[in-house]
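**Student:** Starting from these lines, generate the structure:
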Amino acid sequence: MRRIILSIPPDYDRNFPPLGTPALAAFLEDNGVGCAQIDLNIGYRDFLAKGLNVPGGTAPAAWNFLLHAALNKFFTENCSGRYYSQMLERDNASELPRLPYDNNTNSSFHFCERLLSSEYLWRYLEDDTENTFLRFYKEIDIAALVKAGKTRLFCISVTSPTQALASLTLGLLLKKTFPDIHVNIGGQWATLFRRQILERKDLFRCFDSIIAFEGESALLGLARAVESGRDVPDMRNIFTRDFAVSAVERPAEEDMDLLPCPNFLGLPLEKYDGSADGDVSLTYETSRGCYWSKCAYCVDLPLPKPSYRAKDPRLVARDVETLIRRHSATYLLFGDPGLSPRQMIGISRAILSSGARIRWWTMARLDPGFTPEVFGLAKKAGLSQVNFGFESSNDHVCDLLDKGNRRERSSRVIKDCAGAGISVDLQTMLALPGEKFEDALDTVDFLVAHKKYISHVTFNTYYLTPFNHVYNDPARYGIEYDKELALPFAFFIPFRNAKGMDPARAELVEKICYSLFARARRMGEEPTVSGRTPSEHTAEFTMNGRSTSLRYIHNGPTDEYVVQDDEEGAIDAGIAQAA
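**Tutor:** Next up, the predicted model:
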């Protein structure tokens with residue numbers, strides 16, 4: 001019996017299982033309400049993969065990368081002249097030339113926000129020739145699964161805009177097939193665009209209610225109402241089509257200490273990319289909200305920001321033991337927006353006291369409270385990597401954006417972390433509001449000077465996203481954009497960085513940094529691998545009755561895969577290092 005189903009729709013990251021449905025499932029079950037979880041996102045990858053013919057011997061990590069590249073090439077080559085083709089992103093798009101998540105497919109941010117405002121939305125949602133999400137749902141016969149379980153409540157967890165069209169497709173299919181089933185959507189996307197959804201009454205053809213902000217108590221109330229045949233309860237965080245737009249700013253927050261350990265039962269844990277080589281990698285959170293909560297450009301926590309709440313470290317250790325026992329977990333991603341020094345100390349001590357053996361990594365600020373002693377303790381408790389929100393080493397830029405970083409402190413914290421034997425991963429952002437070319441070169445100089453302490457640097461280009469401080473007060477940060485021209489569901493908003501550098505200069509800065517890194521390698525700072533030579537291969541991809549070919553090179557010395565264009569040689573489709 002699956003009277004309540006919690007689903008993870010495509011198309012989303014597959015490194016770790018999302019935390020949304022496991023957290024909700026545990027809360028429901030802890031309160032006597034049973035449910036089932038299904039990961040349609042993993043199933044969708046398997047569905048697409050059936051169309052990819054790759055020469056034997058390719059490592060799984062490279063295989064997944066090739067599927068991504070094949071989809072890009074397929075939509076670029078095969079979808080011109082379709083009724084929706086003008087809404088697909090093109091590589092030479094002038095609006096946002098270096099858009100993150102830069103795929104041309106039907107799960108791209110670009111396509112999602114345009115189709116949602118298009119006259120073709122409803123045609124596409126029911127098009128079982130072109131809409132690959134609908135083809136997938138029909139192939140796995142999702143309707144039969146719902147019918148067999150006598151499902152009364154079907155919940156769709158929408159974290160990213162890349163999942164929005166797949167979620168609407170699924171909801172519409174279910175509502176047409178089973179009008180009496182209550183379909184609910186929730187998650188970060190539904191929360192971010194709650195006002196826009198409520199203004200679009202036609203979207204309620206795909207669902208009956210929305211849960212915005214935190215979902216545990218709201219979903220429990222909804223589940224009990226649906227099971228007993230009552231109307232949707234008047235609870236904070238639950239909205240139906242009859243709610244006024246002005247009523248959405250009333251978030252309720254959960255007490256972290258009252259939340260049970262997330263339950264991942266029913267999810268295909270062995271299929272996530274982070275669970276390679278016998279590992280079982282899971283997500284977990286020790287806090288909600290951000291203890292700093294000031295960064296002007298924040299993407300993850302748009303306004304109104306949730307309050308910061310940390311779980312008692314002893315309860316965290318209890319949950320860690322449960323995850324090890326229940327799921328044989330060996331590796332955890334602590335998905336807190338930023339783990340504080342105090343929380344890191346408390347959790348490390350609690351894990352050590354419990355005797356649990358687990359490896360974990362987390363995200364954090366370059367906080368002055370991090371010391372060699374803190375990192376040393378955390379290392380003993382299993383901490384293997386910290387992903388720091390570095391962004392820039394320039395104090396003026398960090399001050400403008402209320403980042404709170406200082407160059408000298410960043411240097412100390414990075415060295416202390418690496419000195420404890422913990423990998424340092426830096427998230428770096430270029431072309432920030434007010435950041436000039438010379439400011440960015442300061443950051444390059446810092447990265448090169450600290451290269452031996454840094455395991456990995458991720459470069460991001462700044463883009464204006466909705467409902468944060470820069471969006472609300474652009475003049476203060478030297479940003480210019482036209483709110484009236486922005487699409488209602490736009491996540492990346494066209495803008496001009498009037499007092500800073502443009503994305504083209506940011507690309508130059510990134511190339512300069514990589515060039516200096518490469519020069520350091522040539523001077524012998526890093527060993528090289530030799531003994532294998534590059535080899536060229538061709539993969540074939542077929543979907544919707546159409547196909548494309550993909551040429552790629554396997555670089556034996558580095559065990560990397562590089563996609564090639566048929567005419568121009570290597571292109572910027574990306575590089576995947578084999579697991």
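**Student:** The residue nearest to Gly43 when sequence neighbours are not counted and His396, how far apart?
**Tutor:** Spatial nearest neighbour of Gly43, excluding adjacent residues (C-beta to C-beta, 6 or more residues apart in numbering): Ile140 at 6.2 Å. Quick note: C-beta positions are derived from backbone N, CA and C, even for glycine. Distance, Ile140 to His396, using C-beta to C-beta, to the nearest Å: 54 Å.
**Student:** what about those two, which has more around it?
**Tutor:** Shown here are Ile140 and His396; by other C-beta atoms under 10 Å, Ile140 has more neighbours (16 against 13).
**Student:** correct me, but the more buried one touches Asp46?
**Tutor:** No: under the criterion of C-beta atoms under 8 Å, Ile140 makes no contact with Asp46, lying 9.5 Å away.
**Student:** neighbours around Thr151, how many?
**Tutor:** Neighbour count for Thr151, taken as other C-beta under 10 Å: 21.
**Student:** Can you report the mean pLDDT over the residues of stretch 178-195?
**Tutor:** For stretch 178-195, the mean pLDDT works out to 95.
**Student:** List the buried residues of that stretch.
**Tutor:** Residues 178, 181-194 are the ones in stretch 178-195 that count as buried (16 or more other C-beta atoms under 10 Å).
**Student:** what's the farthest-apart pair in these?
**Tutor:** Pairwise distances across the buried residues of stretch 178-195 peak at 28.2 Å for Phe178 and Leu192 (criterion: C-beta to C-beta).
**Student:** Can you check the pLDDT for the residue nearest to Gly43?
**Tutor:** pLDDT, Ile140: 97.
**Student:** Can you pull the phi and psi angles for the closest residue to Ser340 other than its chain neighbours?
**Tutor:** Excluding the flanking residues, the one nearest Ser340 by C-beta to C-beta, 6+ apart is Tyr291, at 5.0 Å. Dihedral pair for Tyr291: phi -70, psi -20, per degrees, to the nearest 10.
**Student:** for Tyr291, what are its contacts?
**Tutor:** 308, 310, 338, 340 (C-beta atoms under 8 Å, 6 or more residues apart in numbering).
**Student:** so where's the protein uncertain?
**Tutor:** Applying pLDDT under 70 to the chain flags residues 1-2, 56-61, 90-103, 244-248, 250, 520-534, 555-559, 565-579.
**Student:** What are the structural domain limits within it?
**Tutor:** The chain resolves into domains spanning 4-69+110-248, 279-522, 535-577 when parsed by automatic domain parsing.
**Student:** mind putting those in JSON lines, distance to Tyr83 included?
**Tutor:** As requested, the domains of the chain are arranged in JSON lines below (distance: least, C-beta to C-beta, whole Å):
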{"stretch": "domain 4-69+110-248", "distance to Tyr83": "6"}
{"stretch": "domain 279-522", "distance to Tyr83": "18"}
{"stretch": "domain 535-577", "distance to Tyr83": "14"}
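**Student:** right, and those domains - which one's nearest Cys261?
**Tutor:** Of the domains of the chain, the one closest to Cys261 (C-beta to C-beta) turns out to be domain 279-522, at 3.9 Å.
**Student:** now that closest one, how far from the centre of its chain.
**Tutor:** 14 Å (C-alpha atoms, centre = their mean, to the nearest Å).
**Student:** OK, contacts around Val320?
**Tutor:** Counted by C-beta under 8 Å, 6+ apart, Val320 has contacts 284, 329, 332, 351, 354, 356, 358.
**Student:** what two of those are the furthest from one another?
**Tutor:** The most widely separated members of the contacts of Val320, counting by C-beta to C-beta, are Tyr284 and Ser354 (14.6 Å).
**Student:** With respect to Leu400, which of the buried residues of stretch 178-195 is nearest?
**Tutor:** Using C-beta to C-beta, Leu192 is the member of the buried residues of stretch 178-195 that lies nearest Leu400, at 24.4 Å.
**Student:** Run through the residues that contact the nearest residue to the closest one once chain neighbours are set aside.
**Tutor:** Excluding the flanking residues, the one nearest Leu192 by C-beta to C-beta, 6+ apart is Pro302, at 5.9 Å. Listed by C-beta under 8 Å, 6+ apart, the contact partners of Pro302 are 192, 465-468.
**Student:** Over to Arg309?
**Tutor:** 253-256, 287-289.
**Student:** For it, what are phi and psi?
**Tutor:** Backbone torsions for Arg309, taken as degrees, to the nearest 10, come to phi -140, psi 130.
**Student:** Any idea what it is bridged to?
**Tutor:** Note on Arg309: beta-bridge partners by DSSP bridges are Arg288.
**Student:** Quick check, Arg349 in contact with Leu377.
**Tutor:** Yes: using C-beta under 8 Å, Arg349 is in contact with Leu377, at 7.0 Å.
**Student:** Contacts only, for Ser549.
**Tutor:** Applying C-beta under 8 Å, 6+ apart to Ser549 gives the contacts 538-541, 566.
**Student:** swap the cut-off to 7 Å and go again
**Tutor:** Contacts for Ser549 (C-beta atoms under 7 Å, 6 or more residues apart in numbering) come out as 538, 540.
**Student:** now it: how far from Phe65?
**Tutor:** Ser549 is 16 Å from Phe65, by C-beta to C-beta.
**Student:** Also Lys451?
**Tutor:** Taken as C-beta to C-beta, the span from Lys451 to Phe65 is 26 Å.
**Student:** the more surrounded of these two?
**Tutor:** Phe65 (23 against 16).
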